[in-house]
Every structure is written in structure tokens, then in C-alpha cells.
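Participant: missing the sequence, but the structure's below:
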DNA sequence: CTTGACCCTGACGCAACGTCACGCTCTATG
DNA sequence: CATAGAGCGTGACGTTGCGTCAGGGTCAAG
């Protein structure tokens, strides 16, 4: 009972081409050929083909099947187990993708189907955010909300306003600029839920992605402008507490190392949440950095430090936008207290 | 701000080759080239690449992405919906496969890890069964159980015994052969749960798959032998109720159209379950077929019919292995009663 | 001037076949 | 017996999304 390719194909529900393929890769070679070169399959061949089909149904590759049939010493249980693992992983992946998509779909249904171009921009931003933020972070960031007249809309309007102020030549130390800066910082603290780590990531993204700068309009110049204006709001307060020479030193240096503060505060917050003890060497190092940054704008005079401490205690606004809260401050002070065992002078913050 | 491929690749977490590929298929062509032929990407290019990455994350093919970016008139909601559908289907498939595999794994763990060769045979049989039986059928068929000393083992032993009887030249009308046949039919009725449809499918498989015949040892000759022996068990009984000439006619014709009964009974059972009314034209046709098959072995004499009816009522064994139960019989009688309005004679069965 | 890091194009490889194209073989029919 | 049509054979290219050489220019630093 010898079958030709077509017959075998029909019987097994395959195509002739498939059998040709199996032949060419050596998976199933017909045990005989007719005089005219026709492939002839006998019962053993058919049986092997059935086995191949059985294994295929388990999602095995032809190569794997070849190996299995080649050395019957292999353990089927292991094979099956591996297949299941692979499948599980694949299913999980697809499921995750599906979730993302239906999340998007939800947003699509809520909105009024804006232009595809807008959507692409949004998608682009979303992937960008994905690069910088964890899934956890993203849940807490309301910046990505599609809804126009919500957070995203607020920011767009504010960015717009700042740009206009800059174009109009309004100085950063003007009241108007300071008001914008205060609003900016307030929204920033609100939308990051006061978490300095999110702030750091946001800064990194803004710094690292010119595309984001272009899309949002938040250029480095704009950031510099806001920062300068915000610094002015603080300096105005400190001026009342310091002697003229002290204040002129501070004005000179206050903003200079300003971008080093957020990463520092973020790191400290992380340690606090992780339960790192204040006398841990890493925390000690961070405390030293803190003091260094402090003295960079406060100078080395303990008397000046005392005045600054007084200001900080009298004026709660001075902590506004610093992402520093009382628990964090207390934690840092503990670390500094440990430090003080050493040769370093006291903290100037409070 | 123009980037070279390597720079862009790094910034976007892709490989240079990927960008080359996108270029070659026209998905992302750098807007400029340096004098030496280096690809130079500007902000617009980078933005487009970001969009591409965003869409890729949704599992779209590069071709699809090209289309979407080409005509912004397309509806994103539709795209997303289609993607979700495709994903759902894929997940369902993988899940089904996973279920099959873990079912197999269960069996593997229960058994004592037999030879791979045995496993391949079993797998082969399983796929074969899959071709003929629905998932629902398979749940009801215990024949596939791997466990050696269960159903499958019983059958193997019985097949073995029948083969030996045949080799030993034992006649089908001998007591020994009849005993084997009775056991055979009993197991058949048990393992198909008395469902004639399963019996029909089983017959089709045995008839259509020489491979199954080879693996199980259930050859057409063996089936014929069993059938003949089983017929003898019935004839022995009928003999007591019939005149010699009636009986010799019956002996002549009783088995001749025996294989037409199971499909008929299966069809009737299906109709009964579907709620087809007995006077439905299809049921009428089946009733006519029934009568035709009956008269094929009973002859046309109403007196003989009456004797057969008497025998059927007196000897319950005559229904053994027929896959006919009382509800089915009653249903057929209803159909025949409708028929009798016409020119045909009455049923002979009861 | 050389060296190493980048860049270019071109081409093959993978997985599992689908889909021609061209030519030979077999079988049934006129 | 000739012929038509179905079936068979062997290439060979296409698909998807790149990875991986190979062979050869370009550029900035030492």
C-alpha cells in the first residue's frame, strides 16, 4: 500500500507543498520512489507523518520534532513542560498588550475621536513616558490624561503664558514672572504628588528628549526662566533675614547648583522608604552632599547659617516646591547628627 | 540638530540595522544625507520614528504602520479594535493549546513515563481521534485513557483474544466465538455510552484509517468475524420463534445490511434529541428506511413479522448491542404510525 | 599617518510553507 | 493510438523583521 504525495496529502489534510518541504528538510523522506521519480510513502512513512502532526499540534517546531523523532531517549515530559512555559509567557505578553490596547480604546471612546495626527502625538508621548517612568509611576502621573481641559490642558496654557512673558521681555524678577513660577512649581508638586523621584525622572526626560521639548514647548530656556523667577521668590524672603553682604553672596550662588537638589532629595526619600538607617554609610554620604550644597550658597559662616535657619522656620513658603517634607527633614537631621560625631559643622536648614 | 544612525539608534533603543531596514522599506527615510552618504535624521524624522515605535508597541506590522502614517484619515479606533480582536483570538488559541498540553502533562505524571515510542503512538492515536470526534465526543470516550490496565488495556486484550480465536480456526458460530462477540458488543455499548453516533464515528475511523487498524489490531476481517459471531447469538434465539423456511430466509439475509442500521439509528437519535416531530418529512423518510431494512431480513409476510415481534418482546437480549432503547423505539413507532396513514404495512419490530 | 570607531551597500539566513513556472508522467477517452 | 487533463517533479522567489557577516569608505584623535 504505497501512496503518492497527493494521496497522502489528502488523507492527512496537508498540502503537497508541505510534504515536499518535509522531504527537503529531511523530516519525512518517502521510503521509495517510483521509476518516474514519484514519491511513494509506505505505512511506516504515514505513521511517522501522523506522529509529526501530533507533535505539531503541540506547537513544536519542525526542527524540534525532528530531534525528538531522531533520538527517542528524550523525555516527553520535559518537552511538554517547556512548551507550556513558553506558552504561558506568550499568553502573558499578549494579555499585557491586550490590556494596554483596551485601555487606549477606553480613552478613545471617552474622547471625541480627535485627528489621527493628534493621536500619534499622544501615542508618541506615551511611549516616551514609558521609557522614563515605570508602570507604577505612570499610574500616579496625571499628565498623560487625554482629556483636553484637564491637567494636560492646564499645563499647555501655562507653558503658553510663560512663552508670552518671555517674548514680551518680562524679567524673571518681575512680579508677573514670579507669579507664573509659583503657579508652575505648585502644579509640578501637585502632579508629581510631591514625589521628588518623579520630578527627577521628569527632568531627565525633558533634558534627554528634544522631541518632548518640541511637543510640549518646555524648552531648556523656559525651564531656566521659570527657575530664575522661582529663585527670586525665595530670595525676596531671605533678603529680610540677612545682612547685605550675606545676601549678595547668596544671590550670587543660590541657583548655581539648584539642579543637584532634586536627585539628592529623591535618593534620600528612597532610602527613607527602604528603611535605611540614618547611620548607614550611604545616607552619611548623602548628608554630606546636602551640607556641601547648602554651604555652596550659604557660605561657611555659622552665624549666616543661623539666620537662614531662622528664616526657614519663620517662613513656610521657603519649603514650597522643594519636595522636602517634615519626615524627610527629620530623617536627614538624624543622619547629620550621626555625622556631627565627625569634624563637620552643623546643618543650616533648620 | 542632525543625528547619524548610530546616535539615533542609541537614543531610541534600536539597532542600526533596524533603521537601515526601515529606510530600505521606506518606512523611515532620513531627510538628509551627508556628503559622504551618511544618513542624517532631523527632528521630524525622530518624531516619526517615535510614532513608529508607539504603533509597534501595539503589535502592528511595519506595513500597517506605514499605511497609518501615510493616510492620516484612518480611524485609530478601528485599528485598535481590530488589533484587540486579533489578540483575543490568538490568546484563545494559545490558551486552548496550553490546556491540551497540561492535560497531557497530567497524564504523563500519572503514568510511569513509558517509552517515547509508546507516547508517540498514543499521540498519533489522539490526533486521529481528533479528526473523527468533536471535543465533546472525546470527553465521553474513555478509549483514549493512557492508563494501561484500564479501558484501553481491556480492549487490547480482547482484540488479542479474538485474533487468537481466528488463528485457531474457531468458527464464528461456535460458543467461544459468540462469547467473545457478546463481550465485544457489551464493551462497545458501554464505552460509547450507548450513543449510536459515537459508534458510527468509530466505525468511520476504523474503516478510513488503516493506520488505526494497524495500531489497534482491529482489522476489517476481525470486525467481520465479530459481527458474524454476534449475529449467530441473535439467530440462535430467533430460531426458536420461526418456522424452518422463515428462519432459513432470515439466516440468509440477517447480516446482509447490518452496517446500515447504526447510521440510521444515529440519525433518529439525533432527531429525537433535536425535538424533530415524528411527522416531519425527514423522520418519515427514516421510518421508511427502517421498514425497508427490516423487511430485507424479515421478508414481506405479516405473519413472520408478528413472530419476530413476539420474539423481540419475549427476549430482551435481542436488543442488546443494537443501540436502540425504549424512548427511541417509541419515537420511531410514532413516526411509523404517521406513515401508516399511507400505503405501507406495519412495523415488525414490536 | 595610522588607528579605531562609524558609516555605507549588498547579501544570506531564519520558519514554514504559498505560489508560480516549466516540463515530465500517467490515465482515461475519443 | 493520440491526446487532454490531472498529477508529479524540481527549482526559485515571496513572506516578516530584522541579525549577521563581508568588503570597503569616512572621520576624529593621537
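Facilitator: Structure received. Keep in mind that this is a model prediction, so the values were computed, not measured. Numbers count the residues shown, from 1 in each chain, chains lettered A, B, ... in the order given.
Participant: going forward, measure contacts and count neighbours with C-alpha atoms only.
Facilitator: OK.
Participant: what packs against the longest helix seen in chain A?
Facilitator: Longest helix of chain A, by residue count under DSSP state H: helix A:76-110. The contact analysis (3 or more CA pairs under 8 Å, 6 or more residues apart in numbering or on different chains; DSSP states H and E) places helix A:76-110 against helix B:76-110.
Participant: what inclination does the helix it packs on have with respect to helix A:76-110?
Facilitator: Here helix B:76-110 points in a direction 160 degrees away from that of helix A:76-110 (axes from the mean of the first three to the mean of the last three CA atoms, to 10 degrees).
Participant: and helix B:76-110, average pLDDT?
Facilitator: Helix B:76-110 shows a mean pLDDT of 86.
Participant: how about that helix, does it reach DNA strand D?
Facilitator: No - judged by CA under 7 Å from any atom of the strand, helix B:76-110 stays clear of DNA strand D, getting no closer than 13.0 Å.
Participant: on that earlier part again, now do the longest helix of chain A: distance to the chain's middle.
Facilitator: 22 Å (CA atoms, centre = their mean, to the nearest Å).
Participant: Show me which positions of that helix end up buried.
Facilitator: For helix A:76-110, a neighbour-count test (16 or more other CA atoms under 10 Å in any protein chain shown) marks A:76-77, A:79-80, A:83-84, A:87, A:90-91, A:94-95, A:97-98, A:101-102, A:104-105, A:107-108 as buried.
Participant: What of stretch A:23-32?
Facilitator: Buried, per 16+ other CA under 10 Å, within stretch A:23-32: A:27, A:28, A:29, A:30.
Participant: Checking my notes, residue A:73 in a helix, right?
Facilitator: No - going by DSSP: H, G, I helix; E, B strand; the rest coil, the assignment for residue A:73 is coil, not a helix.
Participant: What does the pLDDT read for the residue nearest the centre of chain A?
Facilitator: With distances taken as CA atoms, centre = their mean, the residue of chain A nearest its centroid is residue A:133 (1.6 Å). Residue A:133 is assigned 79 on the pLDDT scale.
Participant: do residue A:120 as well
Facilitator: pLDDT at residue A:120 comes out at 69.
Participant: Tell me, how many residues neighbour the residue in chain A positioned nearest to DNA strand C?
Facilitator: Nearest residue of chain A to DNA strand C (CA to the nearest atom of the strand) works out as residue A:61 at 3.1 Å. Neighbour count of residue A:61, defined by other CA atoms under 10 Å in any protein chain shown: 12.
Participant: what ranges of chain A fall below the confidence cut-off?
Facilitator: The model of chain A has pLDDT under 70 over residues A:111-120, A:123, A:135, A:143-149, A:341-350.
Participant: where do the strands sit along it?
Facilitator: With DSSP state E as the criterion, chain A has strands at A:32-33, A:39-40.
Participant: Adding distance to chain B, write the ones you listed out as TSV.
Facilitator: Putting the strands of chain A into TSV (distance: least, CA to the nearest CA, whole Å) gives the following:
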stretch	distance to chain B
strand A:32-33	19
strand A:39-40	16
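Participant: Grab the nearest non-local neighbour of residue A:235.
Facilitator: residue A:251 (7.0 Å; CA to CA, 6 or more residues apart in numbering or on different chains).
Participant: Quick one: neighbours of residue A:335, just the number.
Facilitator: Per other CA under 10 Å, the neighbour tally for residue A:335 reads 23.
Participant: no no, residue A:221
Facilitator: A count of nearby residues for residue A:221, using other CA under 10 Å, gives 11.
Participant: same check, this time on residue A:183
Facilitator: Using other CA under 10 Å, the number of residues around residue A:183 comes to 14.
Participant: Same check on residue A:279?
Facilitator: Residues lying near residue A:279 (other CA under 10 Å) number 16.
Participant: For it, give its distance to DNA strand D.
Facilitator: Using CA to the nearest atom of the strand, to the nearest Å, we find residue A:279 at a distance of 42 Å from DNA strand D.
Participant: Phi and psi next, for that residue.
Facilitator: For residue A:279, the backbone dihedrals (degrees, to the nearest 10) come out as phi -90, psi 10.
Participant: still on that earlier bit, and the strands of chain A as a markdown table, adding distance to residue B:204?
Facilitator: Formatted as a markdown table, the strands of chain A follow (distance: least, CA to CA, whole Å):
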| stretch | distance to residue B:204 |
| --- | --- |
| strand A:32-33 | 29 |
| strand A:39-40 | 25 |
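Participant: how about the residues of chain A near DNA strand D?
Facilitator: Counting by CA under 7 Å from any atom of the strand, chain A comes close to DNA strand D at A:4, A:5, A:6, A:7, A:16, A:20, A:37, A:38, A:39, A:40.
Participant: 6 Å - rerun?
Facilitator: Proximity of chain A to DNA strand D, by CA under 6 Å from any atom of the strand, involves residues A:4, A:5, A:6, A:7, A:37, A:38, A:39.
Participant: Drop anything exposed from those residues.
Facilitator: Among those, those classed as buried by 16+ other CA under 10 Å are A:4, A:5, A:39.
Participant: Which one of the residues you listed is nearest to residue A:171?
Facilitator: Distance to residue A:171, by CA to CA, is smallest for residue A:5 among those, at 85.8 Å.
Participant: hmm, back to that, neighbours of the residue nearest to residue A:235, just the number please.
Facilitator: Quick note: residue A:251 (other CA under 10 Å) scores 19 neighbours.
Participant: Just to check, it is in contact with residue A:234?
Facilitator: No - using CA atoms under 8 Å, residue A:251 is not in contact with residue A:234, being 10.0 Å away.
Participant: How is chain A partitioned into domains?
Facilitator: Per the record, chain A has its domains at A:5-70, A:75-110, A:151-339, by automatic domain parsing.
Participant: Next, count neighbours for residue A:161.
Facilitator: Counted with other CA under 10 Å, residue A:161 comes out at 14.
Participant: try residue A:140
Facilitator: Per other CA under 10 Å, the neighbour tally for residue A:140 reads 14.
Participant: Go ahead and confirm it touches residue A:192.
Facilitator: Yes - look at residue A:140 against residue A:192 with CA under 8 Å: they come within range, at 7.4 Å.
Participant: before we move on, back to that, make CSV out of the residues of chain A next to DNA strand D and add distance to DNA strand C.
Facilitator: Listed next are the residues of chain A next to DNA strand D as CSV, based on distance: CA to the nearest atom of the strand, whole Å:
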residue, distance to DNA strand C
A:4, 11
A:5, 13
A:6, 12
A:7, 13
A:37, 7
A:38, 8
A:39, 11
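Participant: Just flag the most distant two among the residues you listed.
Facilitator: Pairwise distances across the residues of chain A next to DNA strand D (CA to CA) peak at 15.7 Å, for the pair A:7 and A:37.
Participant: unless I'm mixing things up, residue A:40 is touching residue A:7, no?
Facilitator: No - with contacts counted by CA under 8 Å, residue A:40 stays clear of residue A:7, the gap being 9.9 Å.
Participant: List the buried residues of stretch A:186-203.
Facilitator: For stretch A:186-203, the neighbour count (16+ other CA under 10 Å) marks A:187-189, A:191-192, A:194-203 as buried.
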